[in-house]
Every structure is written in structure tokens, then in C-alpha cells.
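Peer 1: only the shape, not the letters, is given here:
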Ligand code: NAD
């Protein structure tokens with residue numbers, strides 16, 4: 001398999017080119033590295049029709065066989081981890097080590113998710129009747145993925161949807177379609193035709209999908225603003241939706257932490273993947289007794305971090321993935337400058353090709369600052385001071401987002417107690433960003449609808465069906 005060219009969509013088991021193409025840019029140097037098919041409505045119709053045709057046989061395939069196929073697909077990703085991770089760095093920007101982690105994680109996710117089972121609940125087994133609730137697949141799922149973790153976030157959907165017996169049309173972000181298309185070539189060798197279809201295209205393709213009557217469900221990961229459009233567009237045909245959306249996670253750092261020990265971990269909580277993580281720490285609330293010490297430790301560490309091309313050895317942080325997001329991050333930095341907030345490090349745009357933004361840390365801007373209230377999704381972190389737990393919990397919760405959050409403290413019970421007061425789908429104590437295929441992950445408030453992961457995530461790809469069987473009296477008597 002050639003990973004460096006020949007990017008084709010997967011429709012009905014065939015690898016197909018499009019009538020038009022779309023350029024993909026390496027964010028580290030702004031050079032066009034590839035072109036991919038720009039799907040037409042007709043291409044999308046064909047992909048949905050292929051998924052619809054494949055659905056009955058796939059749904060009827062014993063779950064053990066579906067599990068085996070998904071596990072084999074996970075193994076195929078791992079076996080091709082090296083070329084896939086190089087491709088991912090080229091299109092996404094993240095350093096090779098992180099791409100490697102994402103690709104291996106994607107393989108692992110499919111393998112682990114394939115261990116889950118669909119539960120059957122016996123509601124009644126009396127002399128009069130037997131009643132059970134089981135879970136049947138929905139049909140054809142439309143999956144829409146973002147550009148920050150293109151491979152693994154797609155697998156969050158592929159694993160459970162296919163395991164439950166659905167078929168799928170998957171659309172990667174137009175900024176990061178390459179690794180997903182090569183994954184499609186692996187899938188073409190392992191899955192029956194039509195079970196998984198992959199289409200790439202420009203801005204129209206997502207809305208075509210969400211409004212298309214051929215889908216039974218849309219599983220979407222992306223921004224809150226787009227999530228609202230997806231839900232609206234899915235409403236006329238009452239498609240099921242799972243929406244994994246934006247976040248503005250707070251980290252609360254208690255005064256009893258060992259500052260020197262946690263500084264590095266806290267730094268990466270905010271800056272891993274260049275801050276382009278839905279569950280990155282986007283506001284860091286630090287107790288006033290340790291504020292100066294932690295601030296100085298973070299700044300000292302930030303100065304040791306190398307920002308550069310992710311394919312070069314020694315790079316810790318790559319570029320922002322795309323021009324739009326780059327412009328947005330620079331705009332937030334400019335706003336902070338205009339308001340006179342204090343920059344501890346960073347804030348100056350590098351005058352080189354590529355969408356590079358230096359690691360930027362702000363010193364206690366006001367709570368109503370845009371950089372505190374909005375999701376920055378980039379390498380800009382506001383440090384904020386607190387001295388009262390009730391006050392910091394209120395500040396952490398004063399947002400429409402509710403995706404993640406973390407509490408850091410040596411008194412784990414105290415930290416755990418505070419964690420339970422954070423209104424977010426996931427809250428970590430003394431770590432962050434740990435996700436598992438066995439655990440439900442999703443957003444409260446405007447961070448999402450529904451969950452991915454765990455049995456709860458699997459069930460989102462099913463309809464609950466209750467079957468009630470009246471027992472014949474003579475059968476009971478016999
Ligand atoms: P985005 O909303 O711009 O795009 C996400 C996907 O939706 C892309 O494939 C895009 O092409 C498609 N899309 C765009 N407009 C559409 C429309 N009107 N209808 C249907 N599809 C459309 O998001 P992004 O910039 O790619 O990703 C960053 C955002 O995603 C951040 O807000 C981040 O927090 C969020 N995110 C959330 C999670 C999570 O699990 N909760 C994970 C990763 C990223």
C-alpha cells in the first residue's frame with residue numbers, strides 16, 4: 001500500500017476517485033501535500049445506498065464475527081502504524097511521537113471496543129409473561145470527525161457503531177482526510193463491501209449528510225456552534241444524534257500540591273497537541289498561596305519546550321492545524337493585548353511559514369476576559385488566582401460548556417469532593433485527559449448530547465426493543 005499518494009474514497013467496497021479534488025496543506029510549511037476527492041451529492045448518495053444495502057447482512061452477522069473483524073481492523077492499523085503516523089503528522093501537524101500515540105490508540109480502541117457486549121434485560125419472567133429488552137442496530141450511521149485527532153476520534157464511532165450491527169458513512173475533516181482514507185484501504189481488505197464507507201469533501205458535504213434522509217443517526221464530533229447546526233438539520237427526519245462538542249475545562253490547583261512535581265503535568269494538560277484538545281485545560285485556577293511558585297515553574301518549563309515541524313526530531317509542539325484556527329488564536333491573543341493583560345511568556349507571532357503560535361501564558365486576566373470565557377483551542381493559557389473553594393467551583397461552573405475538568409491536590413479525598421461539584425461529563429483528580437473505551441465520555445450542557453465509550457456509548461447506536469411474550473396457561477400448568 002502506498003501511503004504517499006493515491007487518496008481515494010471507499011464506497012461499496014471500491015476505492016474511488018472523485019470528479020473534483022480538494023487540496024490538503026501541511027500546516028508546518030503551508031505547502032499542498034496531496035489532493036483528495038471532493039465528493040458530490042451523487043457520491044454521497046452512492047455511499048449511503050451501499051451502506052443501506054450492506055446493512056441487513058451485517059446486522060444479521062453473529063456479534064462474535066463482527067467483533068473479530070473489528071479486532072482485525074484494529075490490528076491492521078497497528079501493523080501500519082509507522083506510515084500512518086507519518087501521514088498524520090504531515091496533515092495534522094502534531095509531533096511524530098504524538099501521532100504514533102494516536103495511531104496506536106486508534107488500533108487499540110477498535111480492539112478494546114470490540115470486547116463490549118449488548119446487554120439484554122429481563123423485565124419479567126412470571127407465570128403470565130416473559131418480557132425482555134434487547135438492543136437492535138439503528139441502520140446507517142453518518143459519522144463526522146474533526147481535525148484535532150482525526151484517527152482516534154473516528155474510531156470512537158467506527159468501533160461501537162459497527163459492533164452494534166450498523167453500517168456507516170464516515171467523513172473526516174477536509175483539513176485531515178489522508179490518514180482516514182488510508183485507513184479506508186485497510187478496511188476495504190477486511191470488512192464486507194458497504195459496511196464502512198468513507199467520503200471526503202469540502203464545506204457542503206457535512207450539511208448534505210446531516211440533512212440526508214438516508215441516515216438513521218448522525219454521530220458528530222466538532223465545535224458547539226456546528227453541533228447546533230447538526231442537531232437542527234437532523235431534526236426533520238428525527239435522526240438520532242450523538243454530539244461531542246467543545247469545552248472550556250477548568251483545572252483547580254489546591255494549595256497542598258507539590259508544585260515542582262505537578263508543574264510539568266499541568267503544563268501538558270493545557271498544551272498537549274498545541275492546546276487543540278476538546279478536554280485540554282483551558283483555564284487554570286491556582287490557589288493564591290502557591291500561585292507565584294506555580295506560575296514561575298510553568299513559565300520556566302515553557303521556555304524549554306520546542307515548537308516546530310512535527311516531523312523534526314526534538315519538536316514538542318507542532319503548528320496549529322489550519323489557517324482558520326490559526327487566525328482565531330491570533331485574534332484572541334490580540335484581544336488580550338488590546339485589553340492590556342499581562343503576558344508571562346509568548347504572545348508574539350513567529351515570522352516563518354506555517355501556522356506557528358508560541359506557547360503563551362497570561363497572568364491572572366479578569367474572569368470576564370475572552371480568553372477565559374471562550375474556547376481558545378490553541379496554545380494560550382490563562383492562569384487565574386483563587387483563595388476560596390466555593391468561589392472557584394462557582395467560577396469553574398459559570399460557563400455553558402461542561403466537557404471535562406480536573407482538581408489537583410495532595411489531599412485526594414478533598415480533591416475528589418471538589419471534583420464532584422464540577423458540572424462536567426468527566427472530571428479527573430490529579431491527572432487529566434485519561435479516556436477509556438470502557439468508560440462513558442460526553443459533555444454536559446452545551447458540550448454535547450449523549451456519550452461515546454463504554455456500554456452507554458455502544459447503546460447510542462441501538463434502538464431499545466422490548467419483546468413481551470404472554471405465556472399460555474396450559475404451558476404454565478404443564
Ligand atoms: P468543526 O465543528 O468546525 O468541524 C467538525 C466536522 O464537522 C468537520 O468534519 C467539518 O467538516 C464538519 N462540518 C462543518 N460544518 C458542518 C455542518 N454545518 N454540518 C455538518 N458537518 C459540518 O470542528 P473542528 O474545528 O474540526 O474541531 C474543533 C472543535 O471540536 C472544538 O470545539 C473541540 O472542542 C471540538 N471537539 C470535541 C470533542 C469531543 O469529544 N467533545 C473532541 C474533539 C474536538
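Peer 2: Nice, I can see it. Please read these numbers as outputs of a predicted model, since none were measured by experiment.

Peer 1: surely residue 294 is in a strand?
Peer 2: No. Looking at residue 294 with DSSP: H, G, I helix; E, B strand; the rest coil, it is helix, so not inside a strand.

Peer 1: that one and residue 286 touch, don't they?
Peer 2: Yes. Residue 294 lies in contact with residue 286 (CB atoms under 8 Å); the separation is 5.2 Å. (Glycine included, C-beta is placed from N, CA and C.)

Peer 1: what residues are shared contacts of the two?
Peer 2: Counting by CB atoms under 8 Å, 6 or more residues apart in numbering, the contacts common to residue 294 and residue 286 are 253, 383.

Peer 1: and those two? Which one has more around it.
Peer 2: residue 286 (27 against 23; other CB atoms under 10 Å).

Peer 1: can you pull the contacts of residue 436?
Peer 2: The contact partners of residue 436, by CB under 8 Å, 6+ apart, come to 112, 453, 454.

Peer 1: the first one: neighbour count?
Peer 2: So that's residue 112. By the criterion of other CB under 10 Å, residue 112 has 19 neighbours.

Peer 1: from residue 372, how far off is residue 338?
Peer 2: Look at residue 338 and residue 372: by CB to CB, to the nearest Å, they are 15 Å apart.

Peer 1: sorry, slip of the keys, the one I care about is residue 349.
Peer 2: Distance from residue 349 to residue 372, by CB to CB: 21 Å.

Peer 1: which one's more surrounded, these two?
Peer 2: Higher neighbour count among residue 349 and residue 372: residue 372, with 23 against 15, using other CB under 10 Å.

Peer 1: the more buried one belongs to a helix, doesn't it?
Peer 2: Yes. Counting by three-state DSSP, residue 372 is part of a helix.

Peer 1: that one reaches residue 250, doesn't it?
Peer 2: No. Counting by CB under 8 Å, residue 372 sits too far from residue 250 to count as a contact (9.6 Å).

Peer 1: shared neighbours of those two, anything?
Peer 2: residue 283.

Peer 1: give the contact list for residue 87.
Peer 2: Contacts for residue 87 (CB under 8 Å, 6+ apart) come out as 3, 4, 178, 179, 182.

Peer 1: in ChimeraX, how would I select the buried members of these?
Peer 2: The buried subset of these, as determined by 16 or more other CB atoms under 10 Å, is captured in ChimeraX by this line:
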select :3,178,179,182
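
Peer 1: show the pLDDT at residue 310.
Peer 2: Looking at residue 310, its pLDDT stands at 98.

Peer 1: grab the nearest non-local neighbour of whichever residue of the stretch 251-400 of the chain sits closest to the ligand.
Peer 2: Nearest residue of the stretch 251-400 of the chain to the ligand (CB to the nearest ligand atom) works out as residue 278 at 3.2 Å. Distance criterion CB to CB, 6 or more residues apart in numbering; nearest residue to residue 278, sequence neighbours excluded, is residue 247 at 5.0 Å.

Peer 1: the strands in the stretch 1-150 of the chain, which residues?
Peer 2: Along the stretch 1-150 of the chain, counting by DSSP state E, counting those that start in this stretch, strands occupy 9-11, 14-16, 21-26, 31-37, 121-125, 129-137, 140-144.

Peer 1: okay, those in CSV with mean pLDDT and distance to residue 360 next?
Peer 2: Formatted as CSV, these follow (pLDDT from 0 to 100; distance: least, CB to CB, whole Å):
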stretch, mean pLDDT, distance to residue 360
strand 9-11, 98, 39
strand 14-16, 98, 43
strand 21-26, 98, 23
strand 31-37, 98, 26
strand 121-125, 98, 51
strand 129-137, 98, 46
strand 140-144, 99, 30
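
Peer 1: so which of the ones you listed is nearest the ligand?
Peer 2: strand 140-144 (4.7 Å).
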